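Novice: Following is a predicted model, sequence given first.
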There are 2 protein chains.
Amino acid sequence: LKIALDAMGSDNAPRTELEGALLALDKDPDLELVLVGKEEILRGVQQDFPKGRVQVVPAPDVVGMHESPAETLRRKPNCSIARTVALVKDGRADAAVSAGNTGAVMAFALTTLGTIPQVQRPALGAFFPTTRGSCLILDVGANIDVRPQHLFQFGMMGAVAASYILKKANPSVALVNIGHEETKGTDATRQAFALFKASELNFIGNIEGSQVFAGIADVIVCDGFVGNVMLKLTEGLGETMAKLIAEYLSSESEYRVRRWFSKPVLREFLGRVNYEEQGGALLLGINGAVVIGHGRSSPNAIKSAIEQAAFSARENTAGHIRDRFARLQETAVG
Amino acid sequence: LKIALDAMGSDNAPRTELEGALLALDKDPDLELVLVGKEEILRGVQQDFPKGRVQVVPAPDVVGMHESPAETLRRKPNCSIARTVALVKDGRADAAVSAGNTGAVMAFALTTLGTIPQVQRPALGAFFPTTRGSCLILDVGANIDVRPQHLFQFGMMGAVAASYILKKANPSVALVNIGHEETKGTDATRQAFALFKASELNFIGNIEGSQVFAGIADVIVCDGFVGNVMLKLTEGLGETMAKLIAEYLSSESEYRVRRWFSKPVLREFLGRVNYEEQGGALLLGINGAVVIGHGRSSPNAIKSAIEQAAFSARENTAGHIRDRFARLQETAVG
């Protein structure tokens, strides 16, 4: 399996990407990578990687985090993001990973790979930890203004992804709302509720923010504004708690407690609410597997994003979504 | 100072309210309470309270958590919520506290006490913990569909409340968004950004979910859908972490570690992300001090809500908001 990795995406690129690539190759012996970016840098480090498992594809341009996606599409057709995605289009890679400008990655993925027929809006899905495992939340930032039908389609795509990636036979789908009653929320959530209720999805109704981590829903649907705020709030809370714990530890004199505390607790509790450990966000609804990592990714987060892309490609998530939406057209629903 | 307490509001009413009332009276020697609810129950326990500090006002009806606010207004004019709020209107109490049906409390507060002139939409404000103290987030559930002007007014009311309650000289105000750039977000957030920028408020721009707990903004503005999800997500994450920690402790054999861990950590870390410890939500923009507690309140949460109501009444938050909006009219802005 071959993954195209934009080596120039993250805030500390390419170092973070290169370290993450090494971790990923180390963990999965069947993995090969294509590193995309500044040729002189990548050629210079190529011998540090396991022989024959890493190719380099040069890309002269790099996209900054604050560049406009529309401008980037026009002005930087040879940027590392564009070339990373093109490798999937050309069949030279099975999936693409970038921790670069989210809007630009989406723009190139949509224009290069194209949207799956019947899908009105591709969406970004992210895995959140729950007390029972993981759930998939979408959209986490691709669509700010949504219509009820979009929310419904997010639920359909999420259910397909969850059945293959989370291995859930009949994934439960819930809608984020400010109360359980079907009359609650915005016009969009109320109408989406009706669409879900009339569908064959395993729809369990509205859930409130407090239930996101409870593990009662496998797929959690919301608009991209709400999802983005939820994702980043969770991340911020994890960081805040890590900081508070660090303050405690510096004032705690008992060595044994400090030692115990610094290991399993920090790693497991905070790791679980830190979404970098969960990999990146999966772009669902396009013809191909694309994972968008966090700009502030650590090498470990890059490794997780690569694993997630590999897993999604192996499970052929995009193909299954295509089949599901083709079926939708046949039955003339939606 | 006299606080009217709806004794029938929470899920475990009136026991939780009565225990919370005792805790609050114990802590603040200047406090008096008016307990509102089923007469036979409240008269029966009145002698358990410090002499002369607790009155009882009977209310024959109780509002369920899922009753429609509009129906409640029509059909239950003698419910405990209505009578609790009426005590403030009649000058027989300085503030009102209820952990009952949020929509019903808002409906009675708005119709009985009235909205402050120039305020278009009263809002619910909640205090969130940050690494540097607290911030005030509004709206957390009163207004689902908002116009830019509403968001701007939430910021104005929040700034007044923060200057008196958080004792900030020139509170910083931020807008929740999915990115920092002023072009990000919905039409409402973009236009609200412009209103804030042109105002005399100490507006620091857009913040993302990850920065909510960082303590960079004293007042954080969003619509009621986003705020409600943020509030409940934070609460859910706190509960999830408490559960995970409890699981660890049950498998951890070293007594000394368990003992250390079970005290300061649970109390301080989780207490800080548990918004029940922060009191209830403050209804801003009406003529009076009304605090709405969580239905699942503990006695301690009721105590916090009473303290918050007392503090808001002592600081005359509503009066200061009235002055601020009167000034707005004079200068013909807004």
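Specialist: That came through fine. Numbering: from 1, shown residues only, chains lettered A, B, ... in the order given.

Novice: going forward, measure contacts between C-alpha atoms and count neighbours the same way
Specialist: Noted.

Novice: Just the strands from the stretch 151-300 of chain A, written as ranges.
Specialist: In the stretch 151-300 of chain A, the strands defined using DSSP state E, counting those that start in this stretch lie at A:172-176, A:202-207, A:219-221, A:281-284, A:290-292.

Novice: Tell me which residues touch residue A:119, please.
Specialist: Neighbour list for residue A:119: A:153, A:285, A:325 [criterion: C-alpha atoms under 8 Å, 6 or more residues apart in numbering or on different chains].

Novice: neighbour-wise, which of those residues leads?
Specialist: For those, neighbours were counted using other C-alpha atoms under 10 Å in any protein chain shown, and residue A:285 has the most, 29 neighbours in all.

Novice: who touches the closest residue to it other than its chain neighbours in this structure?
Specialist: Leaving aside its chain neighbours, residue A:285 sits nearest to residue A:122 (4.4 Å; criterion: C-alpha to C-alpha, 6 or more residues apart in numbering or on different chains). Contacts for residue A:122 (C-alpha under 8 Å, 6+ apart) come out as A:115, A:142, A:283, A:284, A:285, A:286.

Novice: Wait, a strand at residue A:328?
Specialist: No. Per DSSP: H, G, I helix; E, B strand; the rest coil, residue A:328 lies outside any strand segment and is helix.

Novice: And for it, the neighbour number?
Specialist: 13.

Novice: Repeat that for residue A:323.
Specialist: Count around residue A:323 with other C-alpha under 10 Å applied: 14.

Novice: on that earlier part again, figure out which of the strands of the stretch 151-300 of chain A is closest to residue B:159.
Specialist: Nearest to residue B:159 among those is strand A:172-176 (29.2 Å), distances taken as C-alpha to C-alpha.

Novice: what packs against the closest one?
Specialist: If contacts are counted by 3 or more C-alpha pairs under 8 Å, 6 or more residues apart in numbering or on different chains; DSSP states H and E, strand A:172-176 sits against helix A:148-165, strand A:202-207, strand A:219-221.

Novice: Helices along the stretch 151-300 of chain A, start to end?
Specialist: A:187-198, A:224-251, A:255-260, A:271-273, A:299-314 (DSSP state H, counting those that start in this stretch).

Novice: close to chain B, is the first one?
Specialist: No. Applying C-alpha under 8 Å from any C-alpha of the partner chain, one finds helix A:187-198 separated from chain B by no less than 9.2 Å.

Novice: Centre of the chain to that helix, how far?
Specialist: Between the centre of helix A:187-198 and the centre of its chain there are 25 Å (C-alpha atoms, centre = their mean, to the nearest Å).

Novice: For that helix, give the mean pLDDT please.
Specialist: Across helix A:187-198, pLDDT averages out at 97.

Novice: what's near enough to touch residue A:25?
Specialist: A:31, A:32, A:50.

Novice: what about residue A:296, neighbour count?
Specialist: With other C-alpha under 10 Å as criterion, residue A:296 counts 17.

Novice: hang on, I meant residue A:49
Specialist: Residue A:49, neighbours per other C-alpha under 10 Å, totals 15.

Novice: Kindly list the main-chain dihedrals of the residue nearest to residue A:296 when sequence neighbours are not counted?
Specialist: Nearest residue to residue A:296, sequence neighbours excluded (C-alpha to C-alpha, 6+ apart): residue A:11, at 5.7 Å. Phi and psi for residue A:11, reported as degrees, to the nearest 10, are phi -60, psi -30.

Novice: In contact with residue A:11, which residues?
Specialist: So, once contact is read as C-alpha under 8 Å, 6+ apart, residue A:11 ends up touching A:100, A:295, A:296, A:297.

Novice: swap in residue A:210?
Specialist: Per C-alpha under 8 Å, 6+ apart, neighbours of residue A:210: B:229, B:232, B:233, B:234, B:235, B:236, B:237.

Novice: hang on, the third one packs against residue A:211?
Specialist: Yep, that's residue B:233 we're talking about. Yes. Using C-alpha atoms under 8 Å, residue B:233 is in contact with residue A:211, at 7.4 Å.

Novice: Tell me who's in contact with residue A:190.
Specialist: Taking C-alpha under 8 Å, 6+ apart as the test, what residue A:190 contacts is A:148, A:182, A:183, A:184.

Novice: I misspoke; the intended subject was residue A:165.
Specialist: Residue A:165 touches A:311, A:312, A:315, A:317, counting by C-alpha under 8 Å, 6+ apart.

Novice: can I get those in TSV with neighbour count?
Specialist: Shown next, in TSV, are the contacts of residue A:165 (neighbours: other C-alpha atoms under 10 Å in any protein chain shown):
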residue	neighbour count
A:311	17
A:312	22
A:315	14
A:317	24
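
Novice: Let me know the closest of those residues to chain B.
Specialist: residue A:312 (26.2 Å; C-alpha to the nearest C-alpha).

Novice: Need the pLDDT of the most centrally placed residue in chain A.
Specialist: Geometric centre of chain A, nearest residue: residue A:281, 1.0 Å, by C-alpha atoms, centre = their mean. Turning to residue A:281, the model gives it a pLDDT of 94.

Novice: Please determine how far it is located from chain B.
Specialist: 15 Å (C-alpha to the nearest C-alpha, to the nearest Å).

Novice: Tell me how many other residues surround residue A:19.
Specialist: Neighbours around residue A:19, by other C-alpha under 10 Å: 16.

Novice: That one contacts residue A:299, doesn't it?
Specialist: Yes. Residue A:19 lies in contact with residue A:299 (C-alpha under 8 Å); the separation is 5.4 Å.

Novice: Just the buried ones from the contacts of residue A:25?
Specialist: A:31, A:32 (16 or more other C-alpha atoms under 10 Å in any protein chain shown).

Novice: filter the contacts of residue A:210 down to the ones near chain A?
Specialist: Counting by C-alpha under 8 Å from any C-alpha, B:229, B:232, B:233, B:234, B:235, B:236, B:237 from these sit close to chain A.

Novice: In CSV, list the residues you listed along with distance to residue B:219 and neighbour count.
Specialist: Output for the ones next to chain A among the contacts of residue A:210, formatted as CSV (distance: C-alpha to C-alpha, whole Å; neighbours: other C-alpha atoms under 10 Å in any protein chain shown):
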residue, distance to residue B:219, neighbour count
B:229, 17, 26
B:232, 18, 20
B:233, 19, 21
B:234, 17, 22
B:235, 19, 20
B:236, 22, 22
B:237, 22, 26
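
Novice: and the two most separated of these?
Specialist: Longest span within those, C-alpha to C-alpha: B:229 and B:237, 11.8 Å.

Novice: quick one, helices of the stretch 1-150 of chain A?
Specialist: A:15-27, A:39-45, A:69-75, A:80-89, A:102-113, A:148-165.

Novice: other SSEs contacting the fourth one?
Specialist: Helices and strands in packing contact with helix A:80-89 are listed as strand A:2-6, strand A:32-37, strand A:95-98, helix A:102-113; criterion 3+ C-alpha pairs under 8 Å, 6+ apart.

Novice: All set, thanks.
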